[in-house]
Structure formats: structure tokens, C-alpha cells
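> based on what follows, work out the 3D shape:
(2 chains)
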Protein chains: 2
Amino acid sequence: MDAPPFHLSVKAHRTGEQPINHLMHQAVTRPELISLAAGLVDYDSLPVEAVRTCAASLLGDASSGQAALQYGTTEGLAELRDAMLGRLESLDGVTRAEMNLTTEQVVITTGSQQGLYLLAVAMLDPGDIVIASAPDYFVYTHALCSFAADVRSVPVDDDGMRIDELERLLEELASTGELERLKFIYVVSSFQNPTGISLSADRRARLVELARTYSRTRRILVIDDAAYRELRYDGPDTPSIKSYDRDNRYVALAMTFSKAFSPGMKTGCLMLPDELVKPVLWQKGNHDFGSQNLGQHLLYEAMRTGAYARQVERLIAVYRAKRDVMLEALDAHLSDIDGVRWVRPKGGLYVWLTLPTGWDAGPGSELFQRCLDKGVMYVPGAYAYAADGENPVPAHEIRLSFGVASRTAITEGVRRLGAAVREQAAGAPSTGASSTGGNVGSVTAP
Amino acid sequence: MDAPPFHLSVKAHRTGEQPINHLMHQAVTRPELISLAAGLVDYDSLPVEAVRTCAASLLGDASSGQAALQYGTTEGLAELRDAMLGRLESLDGVTRAEMNLTTEQVVITTGSQQGLYLLAVAMLDPGDIVIASAPDYFVYTHALCSFAADVRSVPVDDDGMRIDELERLLEELASTGELERLKFIYVVSSFQNPTGISLSADRRARLVELARTYSRTRRILVIDDAAYRELRYDGPDTPSIKSYDRDNRYVALAMTFSKAFSPGMKTGCLMLPDELVKPVLWQKGNHDFGSQNLGQHLLYEAMRTGAYARQVERLIAVYRAKRDVMLEALDAHLSDIDGVRWVRPKGGLYVWLTLPTGWDAGPGSELFQRCLDKGVMYVPGAYAYAADGENPVPAHEIRLSFGVASRTAITEGVRRLGAAVREQAAGAPSTGASSTGGNVGSVTAP
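A predicted model of the protein is given here:
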């Protein structure tokens, strides 16, 4: 006997599969493929010994072990919130008092993704406007679609989000009366996913100033996603956007242990303007009434004992070397192809590669298939653009990751990519951003 | 310079603090208080050694340690999903094939709360109808308010939800044309929070049959929340509601490791009709793209090695003894007070106490204050009722937990409660369900 269909929510109908899953499934079914696509991290440098030591110590004592295995609180372990705030102080060289922050404004989340999502739940109604970068971190912009948010994009140059373009957009929203619908501006501040580019210090200050200026009747929030900040290989650190918000009024900072320690801990935190603490906590109370407690105790132990700081140092050395291997391979295999260029990132896990204008590197493209045939996979750059209905989604860009592949695999993967690009250049490249846009759509549609 | 206010979402405005938090804050600020309120579990029996052993083994090997510290998948660890399904088969004496279930329909969640919440996200629009019990698990019914769900209640007797009353309600919804708005029926099937009562086997079969019968143009889901099932102290086990849904079409089962192993692991799972797998996974992809991976590996290790089954046996002995202590204390200190009675639960963590009709045991009541003055706290039963605008919320009931308090504290706590009730009975009891309802409202309002 057939059953009638379930009647799903409007939100469910607006929600599709993360497009990146489609690539992951391909990778899983073809293990011989070199994946320069996956957002996974390096296996060999995962802190297995450090976590084992922390676990032995934490669980070697009945009292601390019991505390870790009992329920925690919705806001998270007080000691860990304090330690995260201490880490921020030390990175920014600014005290918590100067930032008007206390542990009361710190909320532990299930990775920074949950923090970003909770901010969206607390702030967005259908049709509300969010400003993001073009290109941007597609997992989050994809999630924003499920809120029927109107995502407006500001282009990125070598210093990050174009603040002059942002100001132009804000002025336009003011003139059309849409400023009241603008809820937040989302920025991956350091070594952005996917471009590897950081927002310059000048622009950070200017960004906060713009949020303040345009907060006329409603306050505009800046979300400072600092996921990659600690994976810095060259050059000086840049203070967080949060550090320019001395009254703690305009900036929410999202941090995570996933990149600089271990994604298997799936723990991050938000540092919030006070008025957003309860709205976020109340949503989190409904979602899960608190992230996994054992992991929080383990991470606090790692911070307290210095294991966290040592792991960051270790990862910096590992990923710096892997980045260099990727850049050397790109120099060797792609530098002689006309119109191909790439960002040389000073941190993070990604290299952003641009092919000649008009090329199609999308998931349904000849080039993508050619790469699969040669045994290498990348993330089509088109995934990282919000379709705004006006401009075609650029299809000639590629995100390469040096996170999970070994150094040998990086070299070989880039060699295969170079061969595919060369063949493509020799033949007739298939063009057309629209076809790629269509493919992205069909992958994400429910 | 003052900043204008943030413009929060409609959902944020609909979401209040979990009322139970209010009690927890009181408990934290008054550590001398004996809490028979807290939903925490027994400290001394937490599986510290078992988890330490699992962690040492898992992290003692580079390969398994790296797998646990890397990103996991949105649906969760395949081996753990398989083990959970195996556990269900063994509890129900029914094969997965007979239930038309595979690991593909199992999703690991951040506690069962996240699973329950994701089902609500995937299914509910404002005004949609959910059927729950009266009384019911208030953390979830509170979360349902943030969806603007219309929660209709069916009373509970000694055999659980009154299925005759459920049928009457379904018939009423059919006659008013509201059946299409009914999305699911939520049931804590075994040793319900807060009453300790289980749904009888006959009623489980009948419940599934009713869901099938009334699924006319839209399918009605039954959510079988089995959080307490394995904490069974007397009597035979009852097969899951899920086991009566042989086509896997009408019942979603939520399980958790929080009660029968450790809440600090904050891990549960959903077993879903196939049509709900993608809608739930796609929401979860946006929420966190997967629960904490390390915890899943640790729990799989605990299941694989038998540590989980041994822990369940140990907890059964511990909680059975604590339940008996509470029942003995109630016999000693409250049995001679007219009109006072309580459920003798065969499992779970709670004793549901009923005072004479007309008494007020609400959070703002004289009795609640009298108990605080004597140094004991309970959960007012009023929290466990959805305010439906028609019937006043019953105010003369109390949830007592024997979870976290020691045996000595249970005895002393119940003695204090008895003394407070006795004094209240001797004086003029303050009545009025409405005043309690008001108090609950003020606590939950944003």
C-alpha cells in the first residue's frame, strides 16, 4: 500500500544539498583520484598524540573525567571560553576590557559553521539582505539560500573585499530604501576560502566604520569569520576585524579549532555584541542545548597545557611546505600557458587559479571531465559565487587545496591539471558561464 | 555613541529561553540546595574508565586516531550507524530487513535533541499542527514554539498516551479540515520524561495504525523518542514504535547515548523513513555538516568492545537502587498526606508526583518557595504542559529526578519536600493555575 507524501516545510523546499557533496561522492567512489578539491586537512599532522595525552590526563582523574562526561551548558565550558578570549587577546595585542568583551559574550559552537548558522537564524527573514564577497565561502552562502536571503556580492581584489565597492553598495541600498533589510556583512577575514586573500588592516578599520555609519535605524552586523587566521605562513598578522570594534557593537567574531588543531573536534566559538548573546543562545538551546562537552574539556586541556599552541606551530610548518610545493608545481606546469594566473597565498589551505576569460571550468565542463579522466579533481570556482540573477557566474576559476593531498600527490595532481589545461588550450575550449550556472543549480536543487 | 538596535528575525522573536534554565541558574547560585529538579545524570557511574580505555585504544594507533580527528561526514560514521541499527535489532528482536531499514536511513545527530529539532525544521511551517502528550518533554515542546507550531495535547494515563483520545482528536482534525496541517505525533515511548510512564505495546501498534489511517493526502509522521528505553529496571522490554512500522513509512525513531552511556558525548541518531533522509541531511549540512567526529569514533569503540553494553547494565543497577531510595522516601514522608500520589516508574530517571487538585506547585508558588527555603528544588509540572489557550495548565504536579542526587541527598531532599507539603497542607494552600501559567510565560518570553 502506497503512502501519501510527507508535507515538508517551506524551508525544506528551499534547502538543497551542499554542492560540494557532489564532488565528495565522486572522490569516494574513485579513490585513485588525486583530490585537490577536498576541504579536508593533512592527515599525518593531526594531533593524535596531543589529544591522547589530553584524554589520558582528563580521564585519568575521576572528578575531571566525570565533569567532561556529564551534561555541559548551552553556552559552553567557562574555562574554554576564557581561554579562547585569552587567545584572541594575545593574537590581537588588545585586552578583553579594551574590546568590551567578557566570557559572557563568548558562545561555544559545533564548529564555526554552527555559529554562523545560528547568527543567520537569529537575524534573517526571507528577503533580508546579506552582503558577502565574490567569490566567497560557498558552504555558508549555500546555507543562506535556505533562509531565502538576498545575498549581494562585493568583489575581492588583492587586499580582500573592495571597500569602495561595499560603500557604493551601501549607498545604493540607502537610496533604494533597502538599508533596513540589510542584516549583516559576512567576511572571511584572513586567507579567505576560496581565494587565500586577506582583508588588509586599513580595510578592516574602514569596514567597521562603514557598518557604524550605515547603521541608521537598524544596526548592521559584520561577521568576521577567522577560521584560517592562525595558519599564517608569511608576513605579519593582521588584527581581527573584531579588534576595531572597541565598543563590541558591530562585529561578531567566529573562530574554530577545525583548521589550526583538528576538525574532528568540531568545536568553534562566537564572540558577540551583548545584544546578540541571548538570541543566539536561545536558538542554540533549541538546536542542541550545548555542544559536545567532552570535546570542550579536551580542547581546554590542550590550550592549558600548551599543546594547542605547539600544534599550531607544527601545522604552520607542514602547510607552508605544502603550499610551496603547490606553487612550485604550478610554476612548473602552468606558468607558460597564456592567461593562466594564481594567487600566492600567505596562509590558509587554498590556491585560487584563474584561467583565461571565457573558459569553462564548471562541474559539467569539458575541462572538469578531462581532469577527472587524468585522475585529478578541483573545486569549480563557480560554486563560490552567489547567482544574483544579473551577472553571469564566472566559470573560469578553480579552487585548489593543498590541505589533504600529500606533497607527492600535490605535485602529480598539479602536473595532471597542467596537462589537462594545455590540452584544453590546444583544442577548442567550450565557453559559456550559463551552462555552468545551470549545472550548479541542478546539483543544489532539492 | 549609542547604536541602533539589531533587527532580529521573526523566529528569534518567537524564541524564548528554555524555562528550565531559570531553575538551573537558581541551583548554581545556591549549591547547598538539593536538586531533585536537574536532568543531569549520576556522576559516580559515568563511564570515565571505559571512555579512557576507548580513547587510549583509538588514539594509540596513528591511523584510527587520524580518522577520528579528521572531518567526518554529515550523516555520521558508517560503523556507528551500523552498530546503532544492530542494537535496535537486538532490542526489538526484529531484523533491519524486516523493518526495511539500512544504514542509509540512519543519521547521527548532536544528541537526540538535534535530531528532533531537525525533523521540526524539515517539516514545520507556522500554524502547522503537532500532537504531543500532556504532560510532555518540555525542552522539545518549548522548541516547537519557535516554529509557531500549534501543539495539541493528548492526555496520558498509566499506559501512556491515550490512544482513544488521539483517535478522537484525529477525527476532529479530519472533520475541521485541519488534518493536512498535522505534521507529526511526538511520543517519548518508554519511561517518559516527565511521568516515567511507557506507552503499552498495544497502543504502539494502534498508534502506527492510526497514523497510517489518517494519512489521507499527506503523510503523518510518528516520532518515537526512545531516550530512556535502555534504563529499564523492572518488567519486560516493549518493542519500539518503529518496530510496528514494517514498511519504514510512518515512524522516525530518535535514540541517544546521553542517558544510557554519557551525556558528555552528546550523540544520538535518527532512523528515518527514506523520504525524510535527504530533507534532514540537507538541513544538518547547513547546521554543522556533521556532528563531532571524535565522539562518534569513541562511541563506536565502546559499542564494538562491549563497553557500551556493560555500562548500560551498570547504570540499570545504579538507577534502580536510586529509584527505590526515592520511592521509599516518598512512602516514608508523603504517603500519609491526603490526595498526594505518585507514579512508580519501571525505568527512566523521574518520579511524577501529584498533589491535591487545586494546589499550586508552580515556579512562583508558596510551595516552591517553601521548598527552596528548606533547601530542595523540583521541576514544576506546569512546565510540561503546552498552553493551549483553552484549558488552564495544571499546577499541582511535580517532576522529581533521581538522576544526579546521591542516595543520601534523595532521602533528605524528599524529607524536606514532605515537610514543605505538610506545612502547606496545614496552612491555606494558594491555588490558581492561571498564576503559574503566567509565571511560566514570563520566564519563557524573550
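> CA only for contacts and neighbour counts going forward, please
OK.
> which parts of the stretch 251-400 of chain A sit against chain B?
Residues of the stretch 251-400 of chain A lying near chain B by CA under 8 Å from any CA of the partner chain: A:262-267, A:275, A:278-279, A:282-283, A:285-289, A:291-295.
> which of those residues are buried? Put it as a ChimeraX command.
Only the buried entries of these go into this ChimeraX selection, using 16 or more other CA atoms under 10 Å in any protein chain shown:
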select /A:262,263,264,265,266,267,278,279,282,283,285,286,287,288,289,291,292,293,294,295
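> so which of the residues of the stretch 251-400 of chain A next to chain B are in helices?
Of those, the ones assigned to helices by DSSP state H are A:275, A:278-279, A:282-283, A:285-287, A:293-295.
> taking the stretch 51-200 of chain A, what residue is nearest to chain B?
Taking CA to the nearest CA, chain B has its nearest neighbour within the stretch 51-200 of chain A at residue A:69, 3.8 Å off.
> residues in contact with that residue?
By CA atoms under 8 Å, 6 or more residues apart in numbering or on different chains, the contact list for residue A:69 reads A:293-294, B:46-48, B:262-265.
> now do 10 Å
Contact analysis of residue A:69 by CA atoms under 10 Å, 6 or more residues apart in numbering or on different chains lists A:59, A:292-295, A:297, B:41, B:43, B:46-48, B:51, B:258, B:261-266.
> where do the helices of the stretch 51-200 of chain A begin and end?
Under the criterion DSSP state H, counting those that start in this stretch, the stretch 51-200 of chain A contains helices at A:62-69, A:78-92, A:111-123, A:138-145, A:163-175.
> weakest of the ones you listed in terms of mean pLDDT?
Per-stretch mean pLDDT for the helices of the stretch 51-200 of chain A is lowest at helix A:138-145 (a mean of 94).
> average pLDDT across the helix ranked longest in chain A?
In chain A, with assignment by DSSP H, the single longest helix is helix A:307-334. The pLDDT scores in helix A:307-334 average 98.
> and the helix or strand just after it, which strands flank it?
Sequence-wise, the next helix or strand downstream of helix A:307-334 (DSSP states H and E) is strand A:341-342. Strand A:341-342 sits in its sheet next to strand A:350-354 (antiparallel), going by DSSP bridges.
> what's in contact with the partner strand?
So strand A:350-354 is in contact with A:36-37, A:39, A:191-197, A:323, A:326-327, A:330, A:339-345, A:361, A:379, A:381, A:395-403, going by CA under 10 Å, 6+ apart.
> mark out where each domain of chain A begins and ends.
Split into domains by automatic domain parsing, chain A comes to A:14-39+A:310-444, A:49-305.
> distance between the longest one and the chain's centre?
Computed by CA atoms, centre = their mean, to the nearest Å, the separation of domain A:49-305 from the middle of its chain amounts to 10 Å.
> what's the answer for the shortest one, then?
The gap between where domain A:14-39+A:310-444 is centred and where its chain is centred comes out at 16 Å by CA atoms, centre = their mean.
> so which bits of the longest helix of chain A are buried?
Applying 16+ other CA under 10 Å to helix A:307-334 flags A:307-316, A:318-320, A:322-323, A:325-327, A:329-330, A:333-334 as buried.
> hmm, back to that, any idea which of the domains of chain A is most buried?
domain A:49-305 (a mean of 21; mean count of other CA atoms under 10 Å in any protein chain shown).
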